[in-house]
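1. Generate a structure from the sequence data that follows.
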Amino acid sequence: MTNELIREKIVLDKNMGQETVQILIEGDIIVPDVKPDMAVMLQADSKIVIDKVQLSSERINYMGKLSIQVLYLAKGNDKPVHSMFVTTPIDDFINFDGITKDMWVDVKADIQNIDYRMINDRKISYKAVAVLTASVEASDQSDIIVHIDNLKDSQQKKNSLQFNAVVARNEGRFALRENINVALGKPNIREILQTNIEVLNQNTKVLNSRVNVFGEMRITILYRGDTDASILEFIEAEIPFNEMLDISEAREDMFADILLSVQDNYIQVRPDDDGEDRVIEAEMSITTLTKISSQVNIEILEDAYCTDRHLQITKNTITYPRLICRNKNQSNFKELTQLNDSAPDMLQIFRAKGKAIVDEVSVIADKVVASGVIETDILYIAENDDTPLFSHNTMIPFRQIIDTKGSATDMNVSLETHVEHVGFNMLNGREVELRFLLNFNTTVIEHRKAHMITDVEFEELDKEAINNMPSIALYVVQDGDSLWKIAKRYNTTVEEIIAINEIESPDLIFPGHKLLILK
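-> Numbers count the residues shown, from 1 in each chain. I've put the predicted structure just below:
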């Protein structure tokens, strides 16, 4: 009777590693001809975006841009606020040994440090150090044996294998458009000075063949009003989005990780029905990077034997990921900050914003500990005629303990942290109470090893070795033994050992237990 090997293919994600590089980006920001000369540089916002990533042999090519928005006080008695904007293209590569075009790469970029120097009243030079981290994953396919036909089940030892498998990856893009009206009591718009867009309350729901991603885009706009009394005006709006992504491999019992990135935005001022410049037309282009994962449970063949033939078993050791914990939580942080000695006193705060920078992440039993700083910027009206506006920068430390049931020190953790909201309370002209709401998205993965049977050959038994075995043996159970292991060792069956020794419960054998084994 032929013994057919029943095989099954499993596909596992293999982490090829990370490469981190630093790049230097430098250049000049020139005041446009239509703008007045600079008196004081108030504030600069910088952002680095990677638009395109391509894999080639041993190399990762990436393209993107560094965008800088500058607020400054112009020369003149009234010192009006003006802005200028510059975009510097990035086109570079990262060397990465062992990669091929069919692998998946994620390149994250962050500005580690950026210095500005005002050369004269028409030019600012900048020098930025950006850190880019490339993470590469490959699909590793294994052909394993899960069953042997025409071999007793009692002579096959099975084991359940549970692992996290990436089912699909998808890149997409959607557009978001909204008109934002200036609130009553605020002046008309003379000039938009600064725009900032960020994702809020992002949620996902996996459906059959589709993934629903929804949340809000918070758009913050600083503008100069058309009245002499208007120094700076502030608008904040939350624009809802609800998009369906077509991904044929998606199923309701799966989960999705989606990275949303605002690649481009177009902000224009439009007149309202009365012809007043009080409508802001916002259009955003948002890219989506989606990874669909599933918890896979399969029964694999761990070992086997045959009483009338010898099995030559070939095994392969694999490393597989197992999801331990996924959770989202929020935490509030509060801190008092004081202005630097050189900063002018505050009259009114326009805006406070923050960026969370995680310095250290550690895993302990059932918990993840994250620590870092919140890079905070406060823009305010100053009690100073020479500098009516001022920007105060400070670093607020934070430490968060996140409950992650099942986690241990040797596991891998992925943590995404961002500032959901910044509140403030001006206590006096030099002291501010800052309140932060931070979001923590945590995933803990354990990498386990398993021995997979990849081939089995049936060979004739060594008759001489069988004949030399005693007809009757008295075996003393050792620590770690099972009836299956003992039956394999003596080329008998579990059923025969149970019958001869009148064992009522096969799972209740213990060290020192004496068993009679018949050849």
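
2. Could you check the helix or strand harbouring L336 and say which residues are buried?
-> L336 belongs to strand 309-338 when assigned by DSSP states H and E. In terms of neighbour count (16 or more other CB atoms under 10 Å), strand 309-338 has its buried residues at 311, 313, 318, 320-325, 331, 333, 337. The C-beta positions use only the backbone N, C-alpha and C, and glycine is treated the same way.

3. can you check stretch 152-170 too?
-> 155-157, 161, 163-170.

4. One more: stretch 13-29?
-> 13-14, 16, 19, 23, 25, 29.

5. For the residues you listed, which two are the farthest from each other?
-> By the measure CB to CB, K14 and I29 form the most distant pair in the buried residues of stretch 13-29, at 44.1 Å.

6. Now tell me what touches the helix or strand of the chain with the lowest mean pLDDT from outside.
-> Of all regular secondary-structure elements in the chain, judged by mean pLDDT, DSSP states H and E, the least confident is helix 463-467 with a mean of 75. With contact meaning CB atoms under 8 Å, 6 or more residues apart in numbering, helix 463-467 is reached by N491.

7. Kindly report the same for stretch 404-419.
-> Contacts of stretch 404-419 (CB under 8 Å, 6+ apart): 198, 324-325, 327, 353-356, 358, 361-368, 370, 372, 374, 402, 436-447.

8. Just the terminal-to-terminal distance for it.
-> 21 Å (CA to CA, to the nearest Å).

9. Tell me which residues of that stretch come out buried.
-> 404, 407, 411, 413, 415, 417, 419.

10. In strands, which of those residues fall?
-> Counting by DSSP state E, the part of the buried residues of stretch 404-419 found in strands is 413, 415, 417, 419.

11. Next, format those as CSV and append pLDDT and distance to L427.
-> Listed next are these as CSV, based on pLDDT from 0 to 100; distance: CB to CB, whole Å:
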residue, pLDDT, distance to L427
V413, 93, 38
L415, 93, 33
T417, 93, 27
V419, 93, 21
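
12. Report how many residues lie close to M346.
-> M346 has 21 neighbours, counted by other CB atoms under 10 Å.

13. Next one: it from N428, what distance?
-> Here the criterion is CB to CB, to the nearest Å. By it, M346 lies 8 Å from N428.

14. Endpoints of stretch 266-278, how far apart?
-> In stretch 266-278, first residue to last residue: 16 Å (CA to CA).

15. which other residues reach that stretch?
-> Residues contacting stretch 266-278 (CB under 8 Å, 6+ apart): 179, 181-182, 188-190, 192, 195, 221, 226, 279-284.

16. Wait, V432 touches A343, no?
-> No - look at V432 against A343 with CB atoms under 8 Å: they stay out of range, at 11.3 Å.

17. what about the two, which has more around it?
-> V432 (23 against 18).

18. Which pLDDT does the model give the more buried one?
-> Here, the pLDDT recorded for V432 equals 95.

19. quick one: contacts for V166?
-> 13, 137, 139, 291-293.

20. Report the buried members of those.
-> Buried, going by 16+ other CB under 10 Å: 13, 137, 291-293, out of the contacts of V166.

21. of those residues, closest to I300?
-> For those, the nearest to I300 is D13 (18.0 Å; CB to CB).
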